[in-house]
Structure formats: structure tokens, C-alpha cells
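K.L.:
need coordinates for the following:
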Amino acid sequence: MLSTQTRTELAARLAAAETNRTPIGPIARDEPDIDVVDAYEIQLINIRRRVADGAAVVGHKVGLSSRAMQQMMGVDEPDYGHLLADMEVFEHSPVDSARYCYPRVEVEVAFVLGADLPGASCTTDDVLEATEFVAPSMELIDSRIKDWKIGLPDTIADNASSAGFVLGEQRVAPSDIDLTAIDAVLLRNDLRVAEGRSDAVLGNPVTAVSWLARKVDRFGVRLKKGDIVLPGSCTRAVDVRAGDRFRANFAGLGAVVLEFD
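P.N.:
Next up, the predicted model:
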């Protein structure tokens with residue numbers, strides 16, 4: 001376990017890398033004693049700093065929600081990061097790709113809560129009951145670690161590699177769609193570049209949301225009414241290039257568009 005001073009210094013390095021778009025080397029390489037608790041505490045240092053500066057937490061994202069990614073990282077559960085209001089980007093408002101280090105997009109079924117979730121006891125039934133609607137979305141991910149050379153502590157400390165998110169216009173009640181069988185296709189400049197299905201996320205994205213509610217409860221956090229939850233990607237992540245226009249089509253759930261300058 002790292003000292004409070006070391007955690008604070010690492011958080012400052014990550015914050016500077018994001019602000020200046022100057023990636024740093026892997027944290028785990030420089031601090032081999034770092035563990036998952038250290039990494040989450042580093043993440044929280046930067047989230048608290050941003051909230052103190054006026055940002056608002058509007059939800060959370062789940063990462064490493066596919067078995068393939070967990071096996072690659074050598075872990076047996078997902079990780080999570082925070083979504084802040086100033087991370088939201090919008091359809092038809094091009095995003096400056098130069099704001100990021102190594103931007104990529106992922107395709108996700110977003111959950112928006114209409115009621116608070118329980119914490120340690122949260123079940124998938126609780127999630128279904130509390131979800132006001134699901135919506136098409138894309139997550140904009142990025143790494144402040146050079147060349148995406150990340151291990152588990154690196155991505156957790158770096159807010160689970162999250163950088164932004166966009167929601168499409170369509171809203172569907174969870175009772176009106178099979179959340180395990182939503183086919184998704186990602187187009188870049190009208191060319192198909194990735195495809196998948198919602199059950200790639202732990203077999204059911206609802207499972208990822210219930211896991212998240214239980215996990216954050218350990219840190220004194222609850223998922224509340226109005227929160228946005230991104231449960232994990234249906235497809236592989238795709239690199240962003242300046243001038244790209246992405247469109248993700250979801251069977252029964254509409255589409256979402258994200259453009260880059």
C-alpha cells in the first residue's frame with residue numbers, strides 16, 4: 001500500500017497529463033507496490049479536486065466488463081470510474097480530438113436511474129425497477145498513460161480511462177426491450193468498424209449495474225435518481241482520428257452520433 005503523499009503525487013501527475021495532454025509512463029512500473037485500493041484512492045483524489053473546482057458527478061462507468069478484457073488484465077471483476085457533467089459531449093456538436101491523448105470510442109447501452117439503488121444488497125431486480133430508461137450511447141475513452149500501456153492499477157487510477165460520453169435521443173423503458181439481446185453496430189465515416197451485442201457485458205448489462213451499486217457502496221457512494229450508468233461496451237474500442245464521424249446503431253434502441261474535429 002502506498003503512502004498518502006505518494007498517492008497525492010501520482011494523482012497530480014495524472015491530472016497534469018490530462019490537462020497538458022502529455023501522457024506519463026505506467027504507474028505500476030514506477031510504483032510496483034501499488035494495489036487496487038491505492039488506485040481507487042488516487043482516482044478519488046482527482047475526482048474530489050474536480051468537484052471542489054465546480055464539476056458535478058452525474059454517474060459512473062463500468063470498465064473491464066467483458067470476460068476477454070478481464071482475462072487480458074488478469075482480474076475476475078470489472079472496475080469503475082466517475083462521470084462528471086463536464087465530460088458530457090453532444091450529438092451534432094463536433095468534439096476537438098486534440099483535447100485528448102489517445103481517444104477511442106466504445107458503444108454502450110446507457111442506464112438512467114429514476115430512483116436510488118440500494119448499496120451492498122443491490123440485485124438485478126433492483127436495477128430494473130429503478131431504471132427510468134435505457135438509451136443509446138457512446139463512451140469516449142482515453143489514457144493518460146503513454147501508448148495505452150496500462151495495467152489494472154493504471155486504468156483505475158486514471159478514472160477507468162474515461163474521458164467523455166454522449167447519449168442519443170431515444171429513450172426506452174427496460175421492460176420494453178430485451179436488454180441481453182441488443183445488437184449494436186459502430187460505423188466510422190459510414191464504414192462498419194465494430195459490432196457486438198449487449199450480452200457481451202457480463203452476459204447482461206443489468207448485472208454490471210448491480211455490481212457497480214454494490215462496489216461503490218464500499219466507498220460510501222450510492223447510485224441515485226438521475227444518475228447515468230455506462231455498464232460497459234458491446235463492441236471493441238475504436239481509435240478516433242480528427243475528422244471522424246461515428247454512428248452507433250442499436251436494434252430496438254435507435255442510434256447515437258459523435259463527430260470529431
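K.L.:
please report phi then psi for the residue nearest to Leu64 when sequence neighbours are not counted.
P.N.:
Among residues not flanking Leu64 along the chain, Pro78 sits closest, at 4.6 Å (CB to CB, 6 or more residues apart in numbering). Any C-beta I mention is one placed from the backbone N, CA and C, and that applies to glycine too. Main-chain dihedrals, Pro78, degrees, to the nearest 10: phi -70, psi -180.
K.L.:
enumerate every residue touching Pro78.
P.N.:
Contacts of Pro78 were listed using CB atoms under 8 Å, 6 or more residues apart in numbering, and they are 62-65, 70, 202, 208, 211-212, 232.
K.L.:
separation between it and Arg50?
P.N.:
Relative to Arg50, Pro78 is positioned 23 Å away (CB to CB, to the nearest Å).
K.L.:
how about Ser97?
P.N.:
Ser97 is 22 Å from Arg50, where distance means CB to CB.
K.L.:
ok, now which ones touch Leu167?
P.N.:
110, 135-137, 228, 256.
K.L.:
double-check that Asp147 belongs to a helix.
P.N.:
Yes. Counting by DSSP: H, G, I helix; E, B strand; the rest coil, Asp147 is located in a helix.
K.L.:
let me see the ranges of the helices in this structure.
P.N.:
4-20, 27-30, 36-52, 67-73, 124-130, 152-157, 205-217 (DSSP state H).
K.L.:
which residues in the chain form strands?
P.N.:
Applying DSSP state E to the chain gives strands spanning 57-63, 79-84, 104-113, 131-141, 162-167, 183-188, 191-197, 228-230, 238-239, 245-250, 254-259.
K.L.:
now render the contacts of Pro78 as a markdown table, adding neighbour count.
P.N.:
Below are the contacts of Pro78 laid out as a markdown table (neighbours: other CB atoms under 10 Å):
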| residue | neighbour count |
| --- | --- |
| Val62 | 25 |
| Gly63 | 26 |
| Leu64 | 23 |
| Ser65 | 27 |
| Gln70 | 17 |
| Leu202 | 21 |
| Ala208 | 28 |
| Trp211 | 20 |
| Leu212 | 28 |
| Gly232 | 26 |
